[in-house]
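Asker: the following block contains a protein sequence and its predicted model.
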Amino acid sequence: MAVDIKNRRVLGYLVAVAVTLSTIGIVLAIQPLVSFVPVLFVAAVALIQAYAGLRPALLSIVLSVIGSLLFVGNRSPVNLRLHNLTEMIIFPIVALAVVYLMHSRSKHKQIAQEQLLELSTLLDSMPEAVFILNANGEVVDVNRAGQQLCARSKAELLGAHYDFLVRYMHVKRDSESAIEPHELAVTRALRGEAVQNESRVCEHPQDGSQREVLVSANPMRDSQGKLIGVLLVLRDVTEVTDLQRQVATAERHFAIGQMASGMAHDFNNVLNTITQASALLQGPDQSADDRKMYLKMIDNSAHRGAEIISQVREYVRGGSTETTSVDVCQLVQDALDLTRPLWRNANGVSVLTEFKPVRPVRANAADLRRVFTNLIVNAIQAMPSGGKLKITCEQHEGTVFASVSDTGMGIPPEQQKKIFAPYYTTKTSGTGLGLSTAQKILLAHGGRITVNSEPGSGSTFNVQLPAEEMVGKVA
């Protein structure tokens, strides 16, 4: 791109030199007959300015003056009448050339105005808020959606600096943390960087409500590659995000509903153990050791019941933004315990686990527990006629790996490309947000999720997370 721009500039100067020298040659050729006719240089300079630009035209003026001093204008006219007649003949030709160029420029200007009007109409029809800023970061145009988002008229916004917009709308990285000036999308775009769909939170100036927006900022350049401004697009995704949260919450409740019968069975076992141990304690012939054993059974059962309730509560509530140092293997085990009623009561499902020691990862425990719970539930549902559920957890170098495998029907190749897309599901009662939410959570933790599957041979979902650096580790 830069090479093409440089080549065009060089070509413009070469054209200026060639046209100017040709004009000097023409003037030299007719000078013996009619003397010096400088009006020809006007046409040459006008043509160069129109088709090569201002700087080549200035070069042509300098060359014309030098050529006039060196080569032309030194002889007296042979015939004054012939000289005047020649000027009269050449003048309309030059005048027509200049008029043509002026008319062409006026026509191009009219076309540009029409295109600008079409662009303005197009921008106003867009649902996204669009701002066009110049190289100084000042608003030169804004569409109707942008005016509504800022709660200001177009006249008030034109000429405003983007710093004012950031302060006026209280733009932040999220609901809590502020964003540094050098991290702003417009600031980076003015440095030549293209920014696409960065999540930001701003406050609506009129009603004070928080709006979640996706910000894109792209640098605008002229034909020579010079930065002339920025196209800023803000897409309000507040309603979509709220809807996604509601659907995700509904999905969690749906999953809890599926596991409710199994949870009730487990909880009944806990209560039965407590009841039986309590009845035995009331027996007349119990030794101190027996009573101690029964009391321990009651205590263990009570703790197990509390764990069941806690796991359900954590799953329904979902995670917060707080991250701690967590053991991935323990979270996988928690998810396995949470789904125990499903796989234990399923027809012919066996469970195999392979856990190896791993370093902690920095993450939100509830979020990761949701990810592994969802993967285990999906694996169980993929084996309606029974099969083997295998769960592994291990570490290679600085990465913790966890996998959930089933021996179900597998996933066709054409579906594997879509399973992480929001709202895509192959289940009649699914919402299509389980795997997409899992991917979003893992990406937010610096991890990733992949799938290996062959139709008829089952599927394996692999989770990777960066391990925390060891304290005191020498680089």
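Answerer: The structure has been received and is ready for your questions. Numbering: from 1, shown residues only.
Asker: what about the stretch 201-350 of the chain, any weak spots by pLDDT?
Answerer: 248, 251-270, 272-273, 276-277, 301, 304, 307-308, 310-321, 341-342, 344-346 (pLDDT under 70).
Asker: now the helices: where do they sit in the stretch 351-475 of the chain?
Answerer: 365-381, 413-416, 434-444 (DSSP state H, counting those that start in this stretch).
Asker: and if you look at the stretch 151-300 of the chain?
Answerer: Under DSSP H, counting those that start in this stretch, the stretch 151-300 of the chain gives helices at 154-157, 162-168, 185-190, 238-281, 288-317.
Asker: kindly format the C-alpha coordinates of the third one as CSV.
Answerer: This file holds the C-alpha atoms of helix 185-190, laid out as CSV (Å, rounded to 0.1, in the frame of the first residue of the first chain):
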residue,chain,number,x,y,z
ALA,A,185,-11.0,2.6,20.7
VAL,A,186,-10.8,6.1,19.0
THR,A,187,-7.4,6.8,20.4
ARG,A,188,-6.0,3.5,19.0
ALA,A,189,-7.8,4.1,15.7
LEU,A,190,-6.1,7.5,15.4
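Asker: any idea how far it is from the chain center?
Answerer: Distance of helix 185-190 from the chain centroid (Cα atoms, centre = their mean, to the nearest Å) equals 14 Å.
Asker: what's the answer for the shortest one, then?
Answerer: A distance of 28 Å separates the centroid of the chain from that of helix 154-157, by Cα atoms, centre = their mean.
Asker: any idea of the mean pLDDT for it?
Answerer: Helix 154-157 shows a mean pLDDT of 87 in the predicted model.
Asker: again with the second one
Answerer: Throughout helix 162-168, pLDDT has a mean value of 81.
Asker: tell me the mean pLDDT over whichever helix or strand residue 32 is part of?
Answerer: Per DSSP states H and E, residue 32 falls inside helix 2-34. Per-residue pLDDT over helix 2-34 has a mean of 76.
Asker: buried set for the helix or strand just after that helix?
Answerer: Downstream of helix 2-34, the first helix or strand assigned by DSSP H and E is helix 39-52. By 16 or more other Cβ atoms under 10 Å, the buried positions in helix 39-52 come out as 40, 41, 42, 43, 44, 45, 46, 47, 48, 49, 50, 52. For glycine as for every other residue, the C-beta is placed from the backbone atoms N, C-alpha and C.
Asker: contacting residues for the residue nearest to residue 50 when sequence neighbours are not counted?
Answerer: Leaving aside its chain neighbours, residue 50 sits nearest to residue 101 (4.9 Å; criterion: Cβ to Cβ, 6 or more residues apart in numbering). Residue 101 makes contacts with 46, 47, 50, as judged by Cβ atoms under 8 Å, 6 or more residues apart in numbering.
Asker: equivalent analysis for residue 467, please.
Answerer: So residue 467 contacts 358, 359, 360, 361, 395, 398, 399, 400 (Cβ under 8 Å, 6+ apart).
Asker: go again with 7 Å.
Answerer: Residue 467 makes contact with 358, 359, 361, 395, 398, 399, 400, according to Cβ atoms under 7 Å, 6 or more residues apart in numbering.
Asker: domain parsing for this structure?
Answerer: Per automatic domain parsing, the structural domains of the chain span 2-121, 126-236, 241-317, 318-475.
Asker: the last one: how far from the chain's middle?
Answerer: Spelled out, it's domain 318-475. On Cα atoms, centre = their mean, the centre of domain 318-475 falls 25 Å from that of its chain.
Asker: the chain should start at 759 in everything you say after this.
Answerer: Done: numbering now begins at 759, and the last item shifts to domain 1076-1233.
Asker: which strand runs longest in the chain?
Answerer: When the chain is parsed with DSSP state E, its longest strand is strand 968-979.
Asker: return it as PDB; C-alpha atoms alone will do.
Answerer: These are the backbone C-alpha positions of strand 968-979, laid out as PDB (Å, rounded to 0.1, in the frame of the first residue of the first chain):
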ATOM      1  CA  GLN A 968     -26.300   1.600  32.000                       C
ATOM      2  CA  ARG A 969     -26.000   0.500  28.400                       C
ATOM      3  CA  GLU A 970     -23.800  -2.300  27.100                       C
ATOM      4  CA  VAL A 971     -22.300  -1.500  23.700                       C
ATOM      5  CA  LEU A 972     -19.900  -3.100  21.300                       C
ATOM      6  CA  VAL A 973     -17.400  -0.500  20.000                       C
ATOM      7  CA  SER A 974     -15.600  -0.700  16.600                       C
ATOM      8  CA  ALA A 975     -13.300   2.000  15.300                       C
ATOM      9  CA  ASN A 976     -11.600   2.000  12.000                       C
ATOM     10  CA  PRO A 977      -9.000   4.500  10.600                       C
ATOM     11  CA  MET A 978     -10.000   6.400   7.400                       C
ATOM     12  CA  ARG A 979      -7.300   7.300   4.900                       C
END
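Asker: could you list the buried residues of that strand?
Answerer: Counting neighbours by 16+ other Cβ under 10 Å, one finds that the buried residues in strand 968-979 are 969, 970, 971, 972, 973, 974, 975, 976, 977.
Asker: state the number of residues packed around residue 961.
Answerer: By the criterion of other Cβ atoms under 10 Å, residue 961 has 15 neighbours.
Asker: tell me the contacts of it?
Answerer: Taking Cβ under 7 Å, 6+ apart, one finds 927, 928, 968 in contact with residue 961.
Asker: can you check residue 1094 too?
Answerer: So, once contact is read as Cβ under 7 Å, 6+ apart, residue 1094 ends up touching 1134, 1149.
Asker: tell me which of the contacts of residue 1225 has the lowest pLDDT.
Answerer: residue 1156 (88).
Asker: look at the closest residue to residue 963 other than its chain neighbours and report its pLDDT.
Answerer: If you skip the residues right next to it in sequence, residue 963 has residue 909 as its closest partner in space, 4.4 Å away by Cβ to Cβ, 6+ apart. pLDDT for residue 909: 85.
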